[in-house]
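A.B. asks: Make a model of this:
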Amino acid sequence: MKIVVYFSSFAEELLFMRILLNLSKAIIVSAFLVACNNGNDNNNAPRAADGGGTIRIAEVTAPKNIFPQAITNQIEGLIAGQIHEGLVRLNPKTLEPIPGLAEKWEVSQDGKTITFHLRKGVYFQSSDPTKDEKGAEITAKDVKFTFELLCNDRLTNMHFATVCKDRIVGANESYDASPNGQKIDLTGFKIIDDYTFSITLHNASGIFLQILANPVASIISEEAYKVQKEDLKCGAGPFRYDTKSSTPKRIVLIRNNYYYGKDEKGNSLPYVDSVIVDILNTTEDALTSYKEGKSDFLSSLPSTSVRQVVEENIKSFQSKTPSFILERSSEMITQYYIFNLRKSPFNNLKVRQAINYAIDKDKLIDKVLRGQAFGPGSYGITPPTFMAYKVTDIEGYDFNLEKAKKLLMEAGYPGGTGFPEVQLVVNSGNSRNNTVAAEIQKQLKDNLNVNVTFESLPNGDKFILQVKGKGDIFRDGWIADYPSPESFLSVFFGEPVPTDTAKISYPNTQRYKNAEFDKLYKLGRDTRDKDSSYVYFMKAEQLLMRDAPLIVLWYESNYRLINARLKNFVINPLRYFDFTKVKIDKPASEQKK
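C.D. replies: This next block holds a predicted model:
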């Protein structure tokens, strides 16, 4: 066994050279787990002798909806990504597209038409989630139904713009007609036979296949959807939703014995029996759960606890069998606040710029985050994790109190006089959100004489207020939907923003609209060559930062705790989780014969 630690500074490395973290705890076995099969699995493939066991994950954000087209946060994507599967998957190490439900595809010479070939003999899970049996076979008709559903204008469809808008021929027309009850054939989708179909794009895309690997593009069973609608909990993925054991605070996913996946030796996948996701109240509770041996993976170690964890385990430095890995690396995540641009005073550009200049982000990272960040948000919305995308060339906002005061005076609020009290809304569950809010509240009062109150709400409640534009400032963050700067800039694409302010707006919840930004964004989105698209994206991002509809706070870099008993557990900057090849290291006496 080995311990793997990533360092952000030489000083940090010197400290860790003296420490080998070791939290040996008893493994708690849940009584309700499904027993392992010996011999052949239900898909007539043998199971690996060293398979079985449970992956246990601690999270603090409760999933509001795990229907693929409705998911809006990382934990919902994690769960939906295990139950469902798309045409394409990602290699969790390289994030390159690999076959999913489609075993292969061909791209036309002009790059605009992709012909997919489905795997034959692959089945959905049973539409009755209490039954461990096959559902209907997956055919091209189900794929067409899925894309037609993505092109339907309904409240629970959050990802038309992510997958289809301006990309697939006929998608815009289908979406525009759907509120009136019309159904227009998706002209860019052609069924060739039961297992073959083509998708025609308006423009050749260098990223469309990666988009199809996002859980939001998972293939939906038409038969099951007609009965369950957005409460659908059966898909084609490696795990089934266990309705008997799951609760609002515990999601239990059990092995899909009919999953098509096999390893190089012909053994059926996934290896493990189940995945359990416990929803705890705070990140501190999640750490306690990990220490007590109730969790195997903690996606974000509380910044206030890093030193404590290190100091508590100094004596274990000489241990030859560490029980966990402390992993740290940069992620495709940016943390920021957004302004409600439809409300005064934040409809004033100089106010937004003044507040951006008035926040000392270095102090925020040092004092509150204890250095747990890739760096301050001094550039753009895109984190510096994309090769060849020179986000450091973007002129953002460093701390400049002189500029901040001057801009606020020019906006009509000299010395903060007359500036209304404004409210910041953050989501509860992570104490970091409150401590960051308190620090920014203090800085804006001290630096600009601006009074900010803040309220901590459950993520679902905050989300509703945010998409309805019912507030002043909201804490937010974005994890890339796919590995491209385009994903971050898409949040600010203005064309999908409804003109009716009574309607919800997502993901552009700040309702930012700039025609030049939209033009540059689309040019980058619709360009096949990555270098050329990056040029357009850089120009669009610079415009975005000039308009300041947000405060970029920091680029994410988390400490994560991983139980060393998990083998082949891959962490990547996209937080794309593939558990199919994860194994649980068990004593020889516990392995299957």
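A.B. asks: Y258 touches G121, doesn't it?
C.D. replies: No: if you go by C-beta atoms under 8 Å, Y258 and G121 don't touch, sitting 10.1 Å apart. (Glycine included, C-beta is placed from N, CA and C.)
A.B. asks: More neighbours: these two, which one.
C.D. replies: The residue with more neighbours, out of Y258 and G121, is Y258; 20 against 10, by other C-beta atoms under 10 Å.
A.B. asks: for stretch 125-133, how far is the first residue from the last?
C.D. replies: Stretch 125-133 has an end-to-end distance of 7 Å (criterion: C-alpha to C-alpha, to the nearest Å).
A.B. asks: next one: stretch 501-511
C.D. replies: Stretch 501-511: ends 9 Å apart by C-alpha to C-alpha.
A.B. asks: List the contacts of that stretch.
C.D. replies: Contacting residues not belonging to stretch 501-511 are listed as 72, 155, 158, 161, 338-342, 466-469, 474, 476, 478, 490-494, 496-498, 549-550 [C-beta atoms under 8 Å, 6 or more residues apart in numbering].
A.B. asks: Can I get the buried part of these as one PyMOL selection?
C.D. replies: Buried subset of the contacts of stretch 501-511, written as a PyMOL selection, criterion 16 or more other C-beta atoms under 10 Å:
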select buried, resi 72+158+161+338+339+340+341+466+467+469+474+476+478+490+491+492+493+496+497+549+550
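A.B. asks: Could you look up the SS state of E103?
C.D. replies: strand (DSSP: H, G, I helix; E, B strand; the rest coil).
A.B. asks: What's the separation between it and D128?
C.D. replies: For E103, the distance to D128 equals 28 Å [C-beta to C-beta, to the nearest Å].
A.B. asks: Just confirm Y123 contacts D142, I think it does.
C.D. replies: No: look at Y123 against D142 with C-beta under 8 Å: they stay out of range, at 10.8 Å.
A.B. asks: Check the contact lists of those two and give me the overlap.
C.D. replies: In contact with both Y123 and D142: A136, using C-beta under 8 Å, 6+ apart.
A.B. asks: The two: which is more packed in?
C.D. replies: Counted by other C-beta under 10 Å, Y123 and D142 do not tie: D142 has more neighbours, with 21 against 18.
A.B. asks: Quick check on that one: phi, psi?
C.D. replies: Backbone torsions of D142, given as degrees, to the nearest 10, read phi -70, psi -40.
A.B. asks: and it, what does it touch?
C.D. replies: F124, A136, I219, I220, S221, E222.
A.B. asks: confidence score at the nearest residue to L287 once chain neighbours are set aside?
C.D. replies: In space, and not counting its chain neighbours, L287 is closest to S305: 5.6 Å by C-beta to C-beta, 6 or more residues apart in numbering. Note for S305: predicted pLDDT of 74.
A.B. asks: And S305, how close does it get to Q335?
C.D. replies: Using C-beta to C-beta, one gets 18 Å for the distance from S305 to Q335.
A.B. asks: Quote the end-to-end distance of stretch 161-173.
C.D. replies: Across stretch 161-173, the terminal residues are separated by 13 Å (C-alpha to C-alpha).
A.B. asks: hmm, who's touching that stretch?
C.D. replies: Contacts of stretch 161-173 (C-beta under 8 Å, 6+ apart): 147, 150-151, 160, 175, 184-189, 199-203, 205, 208, 211-212, 214, 216-217, 481, 490, 493, 496, 507, 522, 525-526.
A.B. asks: neighbouring contacts of whichever strand or helix holds G477?
C.D. replies: In this assignment (DSSP states H and E), G477 forms part of strand 473-479. With contact meaning C-beta under 8 Å, 6+ apart, strand 473-479 is reached by 74, 331-340, 346, 381, 422-427, 433, 436-437, 452, 462, 465-466, 487-488, 491, 507, 509, 550, 556, 574-575.
A.B. asks: Give me the subset of the residues you listed lying in strands.
C.D. replies: Among these, the ones falling in strands (DSSP state E) are 331-339, 422-427, 452, 550, 556.
A.B. asks: Of those residues, grab the buried ones for PyMOL.
C.D. replies: Command for PyMOL that selects the buried part of the ones in strands among the contacts of strand 473-479, burial taken from 16+ other C-beta under 10 Å:
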select buried, resi 331+332+333+334+335+336+337+338+339+422+424+425+426+427+452+550+556
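A.B. asks: who's K262 bridged to?
C.D. replies: S268 (DSSP bridges).
A.B. asks: Could you give the number of residues near E106?
C.D. replies: A total of 10 residues lie near E106 under the criterion other C-beta under 10 Å.
A.B. asks: meant to ask about K539
C.D. replies: K539 is flanked by 18 other residues according to other C-beta under 10 Å.
A.B. asks: and it, what element?
C.D. replies: Assigned by DSSP H and E, K539 falls within helix 530-547.
A.B. asks: Just give me how far that helix sits from the chain centre.
C.D. replies: Distance, stretch centre to chain centre, for helix 530-547: 22 Å (C-alpha atoms, centre = their mean, to the nearest Å).
A.B. asks: Ok, stretch 80-96 next?
C.D. replies: 13 Å.
A.B. asks: Could you check that stretch and say which residues are buried?
C.D. replies: Going by neighbour count (16+ other C-beta under 10 Å), the buried part of stretch 80-96 is 80-90, 92, 95.
A.B. asks: what about that stretch, how long is it end to end?
C.D. replies: Using C-alpha to C-alpha, one end of stretch 80-96 lies 20 Å from the other.
A.B. asks: Next: stretch 412-432.
C.D. replies: Here the two ends of stretch 412-432 are set 33 Å apart, with distance taken as C-alpha to C-alpha.
A.B. asks: mind listing what's buried in it?
C.D. replies: Using 16+ other C-beta under 10 Å as the test for burial, stretch 412-432 gives 413, 416, 419, 422, 424-432.
A.B. asks: domain ranges for the protein?
C.D. replies: The chain breaks down by automatic domain parsing into domains covering 66-239, 330-556.
A.B. asks: could I get those as TSV with distance to S323 and mean pLDDT?
C.D. replies: Output for these, formatted as TSV (distance: least, C-beta to C-beta, whole Å; pLDDT from 0 to 100):
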stretch	distance to S323	mean pLDDT
domain 66-239	23	94
domain 330-556	22	94
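A.B. asks: Take the ones you listed and write them to TSV, including distance to S299.
C.D. replies: As requested, those are exported to TSV (distance: least, C-beta to C-beta, whole Å):
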stretch	distance to S299
domain 66-239	8
domain 330-556	10
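A.B. asks: now for those domains, which one comes closest to I279?
C.D. replies: Among those, domain 66-239 comes nearest to I279, with 7.9 Å by C-beta to C-beta.
A.B. asks: now the closest one, how far from the centre of its chain.
C.D. replies: That offset, for domain 66-239, works out to 18 Å (C-alpha atoms, centre = their mean).
A.B. asks: now stretch 288-300
C.D. replies: 20 Å.
A.B. asks: can you list contacts of that stretch?
C.D. replies: 23, 25-28, 55-59, 278, 280, 283, 286-287, 430, 558-563, 565-566, 569, 575.
A.B. asks: In that stretch, which residues are buried?
C.D. replies: By 16+ other C-beta under 10 Å, the buried positions in stretch 288-300 come out as S289, Y290, K291, G293, K294, S295, D296, F297, L298, S299, S300.
A.B. asks: Tell me which two in the residues you listed are the farthest apart.
C.D. replies: Of all pairs in the buried residues of stretch 288-300, the most separated under C-beta to C-beta is G293 and S300 at 19.1 Å.
A.B. asks: Which strands or helices does the helix holding K539 pack on?
C.D. replies: Using 3 or more C-beta pairs under 8 Å, 6 or more residues apart in numbering; DSSP states H and E as the contact test, the elements touching helix 530-547 are helix 485-489, helix 515-525.
A.B. asks: No further questions, thank you.
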